[in-house]
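Asks: Quick one, fold the following:
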Amino acid sequence: MFAKGFPKFLESDVKYVCSNIPFNTYRRVTEAESDEKSTWKISDKDSVSIPYRIYLTDCVEKAEENFTDIQTVIYHCIFTRSCNGFVREKHIRALLEADVPYWAVPYILKVCDEYVVQILEAVYERLSEADTMLYKEIWRLNPKKFICGYSRMISYWNEFYRDECPIFKDYIGKALFEKCFGYTRSMEKIFRIVSF
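Replies: Presented below is the predicted three-dimensional model:
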């Protein structure tokens, strides 16, 4: 599990963390993770492949006491992919409280194109006054994901939040992508030319 979700140099830490997560799943699902994966470049040479969802319950009490600092970040990254939105939010908040290593950034970016507005608010709250160059760099390395992520965020606003926030320019997701990640409309044309 998660063998390709982190850089190779973290392999022993990832194995240790995964071996300490009990195999308890939601609703007796027989698999720990979904087959669908999302591959992200994290440098010009390296990439990670993370599952769309995991079905394990978050049952390691006080991860900070059971794992090293790096292993704790790995644990939080893994559970940002939980099928439970409250669990995703909890672990995103935990990741954002520390210095986020470059290899953990895709786990944060992936939840920004999903439907839990409280997670978007948590990410925006933390990043709106922070240096976000690392996040912008990971988006730069993944231009198709950036454009697709922006579109997905709009779709979720339209489907779930348009009644409570009828004007898109006031939506937290738009602020997050533009202020924190540097999204502009002109990027779509540039990225499409470069990517296709």
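
Asks: which stretches of this protein have low pLDDT?
Replies: 187-196 (pLDDT under 70).

Asks: quick one: the strands in it?
Replies: Residue ranges of the strands in the chain, as given by DSSP state E, are 37-41, 47-51.

Asks: Surely E33 touches P51?
Replies: Yes - with contact defined as CB atoms under 8 Å, E33 counts as touching P51 (3.9 Å). All C-beta atoms are positioned from the backbone trio N, CA, C, and that covers glycine.

Asks: any common contacting residues for the two?
Replies: 2, 81 (CB atoms under 8 Å, 6 or more residues apart in numbering).

Asks: So which elements touch the longest helix anywhere in the chain?
Replies: Looking across the chain with DSSP state H, the single longest helix is helix 143-156. If you count contacts as 3 or more CB pairs under 8 Å, 6 or more residues apart in numbering; DSSP states H and E, helix 143-156 packs onto helix 133-141, helix 172-175, helix 185-195.

Asks: So which of the strands of the chain is nearest L141?
Replies: strand 37-41 (4.1 Å; CB to CB).

Asks: Please verify my assumption that D13 contacts T68.
Replies: Yes - with contact defined as CB under 8 Å, D13 reaches T68; the gap is 7.3 Å.

Asks: so where do the helices sit in this protein?
Replies: So, for the chain - with DSSP H - the helices run 11-19, 63-66, 69-79, 85-96, 105-111, 117-127, 133-141, 143-156, 172-175, 185-195.

Asks: Quick check: buried residues in the fourth one?
Replies: When neighbours are counted by 16 or more other CB atoms under 10 Å, the buried residues of helix 85-96 are found to be 87-96.

Asks: mind checking how far that helix is from the chain centre?
Replies: In terms of CA atoms, centre = their mean, to the nearest Å, the centre of helix 85-96 is found 10 Å from the chain centre.

Asks: Can I get that helix in CSV? Just the C-alpha atoms.
Replies: C-alpha atoms of helix 85-96 as CSV (Å, rounded to 0.1, in the frame of the first residue of the first chain):
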residue,chain,number,x,y,z
GLY,A,85,-14.5,13.9,4.6
PHE,A,86,-14.0,14.7,8.3
VAL,A,87,-10.9,12.5,8.4
ARG,A,88,-9.5,14.2,5.3
GLU,A,89,-10.1,17.6,6.9
LYS,A,90,-8.4,16.5,10.2
HIS,A,91,-5.3,15.3,8.4
ILE,A,92,-5.1,18.3,6.0
ARG,A,93,-5.2,20.6,9.0
ALA,A,94,-2.5,18.6,10.7
LEU,A,95,-0.3,18.7,7.6
LEU,A,96,-0.7,22.5,7.3
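
Asks: who does that helix touch, helix- and strand-wise?
Replies: helix 69-79, helix 105-111, helix 117-127.

Asks: For that helix, which outside residues touch it?
Replies: 58, 73, 75-82, 104, 107-108, 111, 114-116, 118-119, 122-123, 126-127.
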